[in-house]
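# Give me the fold of what follows.
(3 chains, ligands or ions: 2)
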Amino acid sequence: MTSSLNQMIEESRLLKVIARNWAFCFLISFIVLFSFTGRGFFSIVNFQNIIHLSVIAILMASAETFVIISGGIDLSIGFVMGLSSVTAGKIIQIMFNSGNFSPAFSIFIGVSIALVVSILPGLLSGIVISKYRVPPFIATLGMWGITNGIALKICKGFPVAMLPDSLTKIGNGYILYFKRGDGFSFFGLPYGVGNDKIREYLRLIPNSFIFLIIILLVLWHLLKNTKFGQHTYAIGGNEDAAVRSGIDVKKHIVKIYVLSSFIAGIAGVFNVFQTGIGNFTTFGAMYELFAVAAVVIGGASLMGGKGRLIASVIGVFLIAVLENGLLISGIEPFYRYIAVGLLLILAVVIDELFPDLF
Amino acid sequence: MSYLLETKDITKRFGGLVAVDKMSFGVKEGEVVAILGDNGAGKSTLIKMISGVYPSDGGTIFYKGVEAKIHTPMDALAVGIETIYQDLALAENLNVYSNIFLGREKTKKKFGFLPVLDHTYMHNESVKVLEKLDIKIPSLKNNVRTLSGGQRQAVAISKSIYWNAKVLIMDEPTASLGVAQQKQVLDLVNSLKDHGLAIILISHQMRDVFEVADRIIVMRRGEKVGDLIKKETTTEEIVNLIVGSELVN
Amino acid sequence: MQSLAKRDRIDMLLKIGRQWALIFLVAELVFFSLMARGFLSLNAFQIIFFFGTAIFLMATAELFVIITGGIDLSAGYVMGLATIVSAKLIAAFYQSGMDSLSSIILGIIITLVIGLIPGLINGFLISHLKVPPFIATFSMLGICHGVSELLISEKAAKNLPLLANEIGNGNFIYFVNGGGISFFSRPEVPRGVKVYEFLPNVVFISFVFIAVFAFILARTKFGQHTYAIGGNKDAAIRSGINVNRHIVKIYMLSSFLASLAGVLYVLKYVTGKADAGASLLLDSIAAVVIGGASLYGGKGTVWRTILGALIIAVLETGLRIMGIPTFDKYIIVGVILISAVLIDQFFPEPTYEE
Ligand SMILES: Nc1ncnc2c1ncn2[C@@H]1O[C@H](COP(=O)(O)OP(=O)(O)OP(=O)(O)O)[C@@H](O)[C@H]1O
Ligand SMILES: [Mg+2]
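Ligands and ions are numbered 1, 2, ... in the order given. Below is the predicted model of the structure:
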């Protein structure tokens, strides 16, 4: 049965395109489906909402994409994000509340330090993995515990609050505010309009979206068009071949885990801007596992050597739309876990059935 | 004519096991030297030292009479020693020209500053080298995974040639190939020889060896036990050397 | 002559080095005995085992899976699901008029049977559909999590029989000061007479099962095949082992032990929680790796895994007695986990050459 199906797909161009992009097709079908079942699902406001809420998941999946293509896995990114978030939060809190520094300066310093700190777990994992041959699963699981512990120590187990309001103004702001017959404004409500009227305005393009696009473009370029990306695929495909072709594989692997950790750090910064507080990561959040799920749904293999950034992003959206759609359609949110599980298995089974397609 | 590449007393140990024991040999330009030996004799280990995969535990490698310090694969490549491995060392998830350029990708500047991979250049250069060696591969944009064993072999060899290999090391190039493909590879070896390359060939196939080699070196338990001109020896003599002289008496 | 002596010394060092986990445990015990007031007592040791039951069971579960070269991410949430299912079942039976003991026993048995299902599905996906263990068990994690929340959202389990609590926090043996032994239940004694508690029931139950599985792994054909599959799957298939069926059994075994941990959790805390086992992923894998197993499969023993689990359990209780927040525990376990692999590389197992 499989072979005849394979043959059919081989013969039909259209089927081939569909099978290769099944996640995207699923995404479209879900959108169509939920547009019928969920009131208010198909609207700019809701779509922006989905994107806004997916920002962190997309960053996580991007980080994981690089690692997985290289044949590794990074389980620590969820807690690195928490570490970055509480580090930024704590520093901003101390500086801001001391009264000696402006909010902007406090934020700048806090964010910079958080980003630098977020590199360290990746650096350590990378060295331990490449130089001392510790399996990535173990090294990053160890880092999972270490970063979690350090983050909890920094924030003493409580979210870091009392931060400047400007954080959420930027983090949850939009590029364009628009009201029919009333004109528009950029980056904030028109002058003199109170916050209570915010619902009357159509808000377009979340700020986070712009930052996200920029980051994604850079990462996409890195993976697709540069030696760095090419070597990442090569290492995942055949590490031996990469070594023998003169690629400094050890150094490259360190770079990959640093990159992954750094992206997770950026996600932590986004988190501070979006929530206005520094949050540690809870055990139940499982950012790293959902990220792996999105990447695999996007067609990557845990064996390494394949995967696309765009496909991983689609993987995230597939999960996000599913969650959002189920919620809006009034279905219990617990089914989301189940749905993600089923999607994931489907992804792998499809990959297994049509190995030549990807 | 003196040796292009030569080893003196080169040694490799794995724990208590001496895999290669004070091995000295050499190969000249335009010469094919075959290394024979039973499984585990140390052939692969020997060439891995020459190509920088394993550091040696003693001894020296000379290139054009000068000591060559080879510690990493990059060192070997820089000298001009290229290796076609038993397990081929191609990234199967990448296409043909990406493999030929692996580790030495060509980039160009986009918008004057942004370095990006120059796919067109790499593709065209790869076509040229394949034509020069008379190798036929349907599309260089196909992943190596879709190629036949012989085609992969040819890709690996083209890669070396393109990068100006002076010494070519081949570990069991015809193993796991069909008869027709084996012939293609041997023809390729002959034409490479004509191009002036020094070739070290490891093979278990006596017939291959006698077809292309100029000189035959036999290894047993890490040691060199024979170094013979092909025209002056016989299959029987070689076999006896491989399995050990105690069987002769 | 001299070099021989030197070689012997190195061999000796290697031999000692390979027992680093044991040495570490002893060092840990000495450290806490000196630093933590009240650590050095029978009671504290029983507490270590009492709180450690889940780690011991989950680590043993993970061990079997890891020996085959797999991984089970779902165990923690299978445990969570088992806590909820058993709490609900016991409460339901009890309320329907069944007596305490029967409702507890029946509830537990049904839960343990249900607990086989996630493993069955994991095993099927992994062996027959060739889904990588990481993906299959993560999906199962999601599914168990979802089902757990679904069950709780309807109605939380309340009104469990008091007996559950008594069993969960009771002991196997009670010694009465001045003579007298009682099993299972605290003897009635006059005020002021001291009763020594010995061997908490949950610890006793756990170790009965762990001993059985240790026996299975070390002494039976099943155990032998488990190692064979982890060592070289193709070779195992060619020697006629039904590898697919075996892998299904392994994942069922893992989810059985996770369910057992869940059931014991309910007896201890008289409540069910979806994420009761969530943080055990790190602990259990760490225990297995500290115990010398390799994620590539083919290696590991139950007793060494228990040693690894004990290191973590001692750490947890020791820190708690010292009043140090458990945040540090995560850091320390993470460091030990990574170090374990490094140390093992430092003291390689002997390769048998002449
Ligand atoms: N990385 C290694 N670690 C330990 N021992 C090794 C290693 N590589 C090779 N050996 C040992 O060194 C000896 C020589 O191996 P080598 O691979 O060089 O043999 P070979 O002549 O290439 O054999 P074959 O014809 O089977 O390819 C063997 O005994 C082998 O087991
Ligand atoms: Mg060999």
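
# In chain B, what residue spans correspond to helices?
B:43-50, B:73-79, B:96-100, B:119-132, B:149-162, B:179-194, B:206-212, B:235-243 (DSSP state H).

# Around chain C, pick out the residues from chain B.
By Cβ under 8 Å from any Cβ of the partner chain, the part of chain B that sits against chain C consists of B:15-17. In this view, the C-beta of every residue, glycine as well, is placed from N, C-alpha and C.

# would CSV of the helices of chain B with mean pLDDT and mean neighbour count be doable?
Listed next are those as CSV, based on pLDDT from 0 to 100; neighbours: other Cβ atoms under 10 Å in any protein chain shown:
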stretch, mean pLDDT, mean neighbour count
helix B:43-50, 92, 24
helix B:73-79, 84, 20
helix B:96-100, 92, 27
helix B:119-132, 91, 16
helix B:149-162, 84, 22
helix B:179-194, 84, 16
helix B:206-212, 89, 17
helix B:235-243, 87, 16
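
# Which of those sits closest to chain A?
helix B:73-79 (4.3 Å; Cβ to the nearest Cβ).

# Give me the contacts around that closest one.
By Cβ atoms under 8 Å, 6 or more residues apart in numbering or on different chains, the residues outside helix B:73-79 that reach it are A:243-246, A:248, B:50-53, B:63, B:68-70, B:82-83, B:163, B:166-167.

# at 7 Å instead, please
Helix B:73-79 has contacts (Cβ atoms under 7 Å, 6 or more residues apart in numbering or on different chains) with A:243-244, A:246, B:50-53, B:63, B:68-70.

# just checking, which of those residues belong to strands?
Residues of the contacts of helix B:73-79 located in strands (DSSP state E): residue B:63.

# Just the buried subset of the contacts of helix B:73-79, written out for PyMOL, thanks.
Applying 16 or more other Cβ atoms under 10 Å in any protein chain shown to those, the buried members can be selected in PyMOL as follows:
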select buried, (chain A and resi 243+244+246) or (chain B and resi 50+51+52+53+63+68+70)
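
# pLDDT check: weakest of the contacts of helix B:73-79?
Within the contacts of helix B:73-79, pLDDT reaches its minimum at residue A:244, with 80.

# contacting residues around that one?
B:53, B:73, B:83, B:85, B:89.

# Also residue C:132?
Residue C:132 touches A:302, A:348, counting by Cβ under 7 Å, 6+ apart.

# how about low-confidence regions in the chain?
Because you didn't say which chain, this covers chain A. By pLDDT under 70, the weakly predicted segments of chain A are A:1-11, A:333, A:354-358.

# if you could check chain C rather than the one you did, that'd help
For chain C (pLDDT under 70), the answer is C:1-4, C:154-158, C:349-354.

# Now for residue C:184, how many residues are close by?
Around residue C:184 there are 13 other residues, counting by other Cβ atoms under 10 Å in any protein chain shown.

# one step back: nearest to residue C:266, of the contacts of helix B:73-79?
Looking at the contacts of helix B:73-79 and their distance to residue C:266, the nearest is residue A:243, at 52.3 Å (Cβ to Cβ).

# Quickly note the distance from the closest residue to chain B within the stretch 51-200 of chain A to residue A:143.
In the stretch 51-200 of chain A, the residue that lies nearest chain B is residue A:69 (9.2 Å; Cβ to the nearest Cβ). Distance, residue A:69 to residue A:143, using Cβ to Cβ, to the nearest Å: 20 Å.

# now swap in residue B:234 and tell me
62 Å.

# Those two: who's more crowded?
Taking other Cβ under 10 Å, residue B:234 and residue A:143 do not tie; residue A:143 has more neighbours (28 against 11).

# What about residue 78, how many residues nearby?
In the absence of a named chain, this looks at chain A. Residue A:78 has 26 neighbours, counted by other Cβ under 10 Å.

# To clarify, I was referring to chain C.
34.

# ok, now the one 5 residues further on?
When neighbours are defined as other Cβ under 10 Å, residue C:83 has 29 of them.

# Only the C-alpha atoms, please, for the helix or strand hosting it, written as PDB.
If you go by DSSP states H and E, residue C:83 is part of helix C:75-95. Below are the C-alpha coordinates for helix C:75-95, written out as PDB (Å, rounded to 0.1, in the frame of the first residue of the first chain):
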ATOM      1  CA  ALA C  75       7.300   8.600  32.700                       C
ATOM      2  CA  GLY C  76       6.800  11.700  34.900                       C
ATOM      3  CA  TYR C  77       3.400  12.400  33.400                       C
ATOM      4  CA  VAL C  78       2.400   8.800  33.400                       C
ATOM      5  CA  MET C  79       3.000   8.900  37.100                       C
ATOM      6  CA  GLY C  80       0.900  12.100  37.300                       C
ATOM      7  CA  LEU C  81      -1.900  10.400  35.500                       C
ATOM      8  CA  ALA C  82      -1.700   7.400  37.800                       C
ATOM      9  CA  THR C  83      -2.000   9.600  40.800                       C
ATOM     10  CA  ILE C  84      -5.200  11.100  39.500                       C
ATOM     11  CA  VAL C  85      -6.700   7.900  38.200                       C
ATOM     12  CA  SER C  86      -6.000   6.000  41.400                       C
ATOM     13  CA  ALA C  87      -7.200   8.900  43.600                       C
ATOM     14  CA  LYS C  88     -10.400   9.100  41.700                       C
ATOM     15  CA  LEU C  89     -11.000   5.400  41.600                       C
ATOM     16  CA  ILE C  90     -10.300   4.800  45.300                       C
ATOM     17  CA  ALA C  91     -12.600   7.700  46.200                       C
ATOM     18  CA  ALA C  92     -15.300   6.400  43.900                       C
ATOM     19  CA  PHE C  93     -15.200   2.900  45.200                       C
ATOM     20  CA  TYR C  94     -15.100   4.100  48.800                       C
ATOM     21  CA  GLN C  95     -18.100   6.300  48.300                       C
END
